[in-house]
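Trainee: need a 3D model of the sequence below.
(chains A, B, C and D)
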2 protein chains.
Amino acid sequence: MPRPAKRATSADVARAAGVSRATVSYVLNNRPDQSIPDTTRRRVLEAAESLEYRPHGNARSLVSGRSDIVLLSVPDLPIGTGISRFVEEFAAALAEHGLTLVTHLAAARGRPLPDVCATVGATAVTGFAPFDADTARALRAAGAEVVLPSPTDVPDIMLPIGSIQAEHLIGRGHQRLGYALPAHPRFQQMAAERLRGVEQACVETGLQPPVTATVSLDVGVAADAVTNWIGQGVTGICAFNDETAVAVLAGAQSRAVRVPEELAVIGVDDILVAPLTNPPLTTVRFDLHAVARRRAELVVAGLTGHDAPAATESEISAGLVERSST
Amino acid sequence: MPRPAKRATSADVARAAGVSRATVSYVLNNRPDQSIPDTTRRRVLEAAESLEYRPHGNARSLVSGRSDIVLLSVPDLPIGTGISRFVEEFAAALAEHGLTLVTHLAAARGRPLPDVCATVGATAVTGFAPFDADTARALRAAGAEVVLPSPTDVPDIMLPIGSIQAEHLIGRGHQRLGYALPAHPRFQQMAAERLRGVEQACVETGLQPPVTATVSLDVGVAADAVTNWIGQGVTGICAFNDETAVAVLAGAQSRAVRVPEELAVIGVDDILVAPLTNPPLTTVRFDLHAVARRRAELVVAGLTGHDAPAATESEISAGLVERSST
DNA sequence: TTACCTTGCTTACACGTGTCAGTTACTCGA
DNA sequence: TCGAGTAACTGACACGTGTAAGCAAGGTAA
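Mentor: Predicted coordinates for the structure are as follows:
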């Protein structure tokens, strides 16, 4: 096949429009302090259009020292579908500020995050959990100006989820709750936050704290946990996420424990199969739209040096999806 | 906090080592055609180490015209967990060749892919389905030298999956098969490939082609499909993926159709909840390790200009996970 | 007329890197 | 002693962009 023409540069556009390269730059970045007549402006824009000119990000960031690239580090976890919605929303929110999002899956055998940061030239790096001090320092040394979240940002998202679960069950009259922790070690931090939310709700309504059990995705393990809960008088289970909740449902079924009559179960995430379980799973879907938008605000604020607008309670909106498992 | 020192450049290293910048470049990229005594070499390396020097990827790719960055476009779909394993494996395979992977979620409201390609300066762009001609052209114009997969690459991955499903059911004695298509429009292309694999297997063993039905993630829809299949004498269902399979299971249960006695069901992906369904779901897990490695080979081959080693049959290894739904 | 401002441009430099073409200083054979 | 060769290094350019500084032409005020 014929080798396609090399990508157009601003010099090509300048030649086509019959002006200097500087004029092209002024028009395309439409700088207010430069006065450029409409005829010239249009000539440049048309030339850029017809040549399919796209500014070379590397060259641009080389001179400006700042790159419009935001790097999102995605943890190497069995990721739920929710994350892709977060990413989508986050990317859209950043795009409104002219920022481009790329994601990198942090795996043991892949490149270390600071290297990736340096090669793509990201100005901001963000992730789901706060980075440890060493990594944060390395990221800054690799050129990142903003590293988020800081340790104070995370609880705002996770804690209310547990509260919503517990309040729903308590509202239905349950007096003794259980909490199903995930088995995967990397979920532990997130799980601890959500559990704390459940505990808070219990304390506030005068109940005892929930009876915790680690439930792997195995029917036998889940069944044992169910038997134990029933023995302790537990009637409602908050599960860390929907997969764990499905395991609890399977465990209950294998021990002939009726759901929701004998044991109510509520999950988190509203995964695709949640409406298809037996009985259909009640769950909490938290609004990634708002979380993503908030995160984007924090990034932009960090980049511009302004303070971020304070988070209002209503921004973190997690919603109950009521089905028949509670 | 004290503003951290600006990142070190190769000029800083040169000054610290008492040599010229060119020498620094020769040492760090250890070029064989330049003879550099060990004393000098060590001086440079030590200076680079102590300054925490990392070459500036933007500047490097600006001059070389090539960037070590591979961009993976992830479709805006309800993504299965399998994809993250693919990404992990792909990134690791690319890293062995000194390439860095970043992913971008292609969403309607985000940036168009060619823009992202241009801003990060990717030399290769790849995705799960082939790009349409316009997009491919735009990507090339944005600086991508390699755009994959080409339309001829995809069937190799998807088609055998359908075959494995069908052969498993046929081997169990089923004479009339059904195929459960997904409802989401963006899955259609992938589904068509997998369905073709099922059809091939049927033809080869002298069976009639499968009875297709579109099954959304809704119990009612799935139940109607099940009734229809039973009415046509179908005894085994190949589902597009595990979510669709779970819907079929739920539909069967709501119509009191016993699985697997009256209707066998097999999915694809081995999602987390697959062992937890009732009955536990038989499924096909395809080896993303091999697919990712193959894809990385294609990318590297495209960048070096060499031909890629031909795919052997054994590289595309998809494995049956037998449970009780068949 | 002269001094000075505005408009509409252009010229020239900087960013950090890789690399080619020189340029020393030294060794070696005749 | 002299030319040639080689080891060890340096100077300068290019990549594509943003932008400060400058410049010609025309207008305006004194």
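Trainee: can you confirm residue A:259 is in a helix?
Mentor: No: read with DSSP: H, G, I helix; E, B strand; the rest coil, residue A:259 is coil and lies in no helix.
Trainee: neighbours of it, how many?
Mentor: Counted by other C-beta atoms under 10 Å in any protein chain shown, the residues lying close to residue A:259 total 21. (C-beta placed from N, C-alpha, C; glycine too.)
Trainee: ok, now which ones touch it?
Mentor: By C-beta atoms under 8 Å, 6 or more residues apart in numbering or on different chains, the contact list for residue A:259 reads A:249, A:252-253, A:265, A:279, A:325.
Trainee: now those: which count as buried?
Mentor: For the contacts of residue A:259, a neighbour count by 16 or more other C-beta atoms under 10 Å in any protein chain shown gives the buried set as A:249, A:252-253, A:265, A:325.
Trainee: could you pull out the helices in the stretch 51-200 of chain A for me?
Mentor: A:57-64, A:81-95, A:113-120, A:133-141, A:155-171, A:188-204 (DSSP state H, counting those that start in this stretch).
Trainee: quick one: whatever residue of the stretch 1-150 of chain A ends up closest to DNA strand C from residue A:44, how far?
Mentor: Scanning the stretch 1-150 of chain A for proximity to DNA strand C using C-beta to the nearest atom of the strand identifies residue A:20 as nearest, at 2.8 Å. As judged by C-beta to C-beta, to the nearest Å, residue A:20 and residue A:44 stand 10 Å apart.
Trainee: again with residue A:296
Mentor: Counting by C-beta to C-beta, the gap from residue A:296 to residue A:44 is 31 Å.
Trainee: how is chain A carved up into domains?
Mentor: Following automatic domain parsing, one finds the domains of chain A at A:10-55, A:64-152, A:155-286.
Trainee: most packed of the helices of the stretch 51-200 of chain A?
Mentor: helix A:113-120 (a mean of 24; mean count of other C-beta atoms under 10 Å in any protein chain shown).
Trainee: near DNA strand C, which residues of the stretch 201-326 of chain A? Just list them.
Mentor: Nowhere does the stretch 201-326 of chain A come near DNA strand C, counting by C-beta under 7 Å from any atom of the strand.
Trainee: near chain B, which residues of the stretch 201-326 of chain A show up?
Mentor: By C-beta under 8 Å from any C-beta of the partner chain, the residues of the stretch 201-326 of chain A that approach chain B are A:217-219, A:243, A:246-247, A:249-250, A:253, A:271-273, A:275-278.
Trainee: just checking, residue A:213 touches residue A:183?
Mentor: No: look at residue A:213 against residue A:183 with C-beta atoms under 8 Å: they stay out of range, at 10.6 Å.
Trainee: between these two, which is the more surrounded one?
Mentor: Neighbours were counted for residue A:213 and for residue A:183 using other C-beta under 10 Å; residue A:213 has more, 19 against 15.
Trainee: make CSV from the domains of chain A and add distance to residue B:288 to it.
Mentor: As requested, the domains of chain A are arranged in CSV below (distance: least, C-beta to C-beta, whole Å):
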stretch, distance to residue B:288
domain A:10-55, 33
domain A:64-152, 13
domain A:155-286, 19
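Trainee: how about those, which one is nearest residue B:198?
Mentor: Nearest to residue B:198 among the domains of chain A is domain A:155-286 (22.4 Å), distances taken as C-beta to C-beta.
Trainee: got the contact list for the most centrally placed residue in chain A?
Mentor: Geometric centre of chain A, nearest residue: residue A:86, 4.6 Å, by C-alpha atoms, centre = their mean. Residues near residue A:86 by C-beta under 8 Å, 6+ apart: A:288, A:291-292.
Trainee: pick the one among those closest to residue A:117.
Mentor: Distances from residue A:117 to these, taken by C-beta to C-beta, are shortest for residue A:292, at 20.6 Å.
Trainee: secondary structure class for that closest one?
Mentor: Once three-state DSSP is applied, residue A:292 turns out helix.
Trainee: how about the residues of the stretch 51-200 of chain A that lie near DNA strand C?
Mentor: A:59, A:62-63, A:65.
Trainee: check the residues you listed one by one and keep those near DNA strand D.
Mentor: A:59, A:62-63.
Trainee: can you add distance to chain B and give those residues back as CSV?
Mentor: Shown next, in CSV, are these (distance: C-beta to the nearest C-beta, whole Å):
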residue, distance to chain B
A:59, 5
A:62, 5
A:63, 10
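Trainee: quick one on the thing from earlier: show me the contacts of residue A:259 that map onto strands.
Mentor: The members of the contacts of residue A:259 that map onto strands under DSSP state E are residue A:265.
Trainee: which of the contacts of residue A:259 fall within helices?
Mentor: Among the contacts of residue A:259, the members falling in helices (DSSP state H) are A:249, A:252-253.
Trainee: who's in contact with residue A:141?
Mentor: Per C-beta under 8 Å, 6+ apart, neighbours of residue A:141: A:114, B:4, B:7, B:52, B:54.
Trainee: name the nearest residue to the last one, sequence neighbours excluded.
Mentor: Distances taken as C-beta to C-beta, 6 or more residues apart in numbering or on different chains place residue A:118 nearest to residue B:54, at 4.7 Å, with adjacent residues excluded.
Trainee: and that neighbour, what is it in contact with?
Mentor: A:142-143, B:54-57.
Trainee: if I look at it, how far off is DNA strand D?
Mentor: As judged by C-beta to the nearest atom of the strand, to the nearest Å, residue A:118 and DNA strand D stand 17 Å apart.
Trainee: try residue A:46
Mentor: 17 Å.
Trainee: contacts only, for that residue.
Mentor: Contacts of residue A:46 (C-beta under 8 Å, 6+ apart): residue A:17.
Trainee: that one: what secondary structure?
Mentor: Residue A:46 - assigned by three-state DSSP - is helix.
Trainee: tell me the predicted confidence for it.
Mentor: We note a pLDDT of 94 for residue A:46 in this prediction.
Trainee: quick revisit: closest one to chain B out of the buried ones among the contacts of residue A:259, please.
Mentor: Lowest distance from chain B to the buried ones among the contacts of residue A:259 (C-beta to the nearest C-beta) belongs to residue A:253, with 6.6 Å.
Trainee: if you average pLDDT over each of the domains of chain A, which is lowest?
Mentor: Among the domains of chain A, domain A:64-152 scores lowest, with a mean of 85.
Trainee: check the offset of that one from the chain's centre.
Mentor: 11 Å (C-alpha atoms, centre = their mean, to the nearest Å).
Trainee: stretch A:237-250 too?
Mentor: Using C-alpha atoms, centre = their mean, the offset of stretch A:237-250 from its chain centre is 21 Å.
Trainee: if you skip the residues just before and after it, what's nearest to residue A:11?
Mentor: residue A:21 (5.5 Å).
Trainee: any figure for the gap between that neighbour and residue A:224?
Mentor: 72 Å.
Trainee: gap between residue A:112 and residue B:123?
Mentor: 21 Å.
Trainee: between those two, which one's more packed in?
Mentor: residue B:123 (22 against 14).
Trainee: measure residue A:118 to residue B:228 for me?
Mentor: 57 Å.
Trainee: an error on my part: the question was meant for residue A:286.
Mentor: 38 Å.
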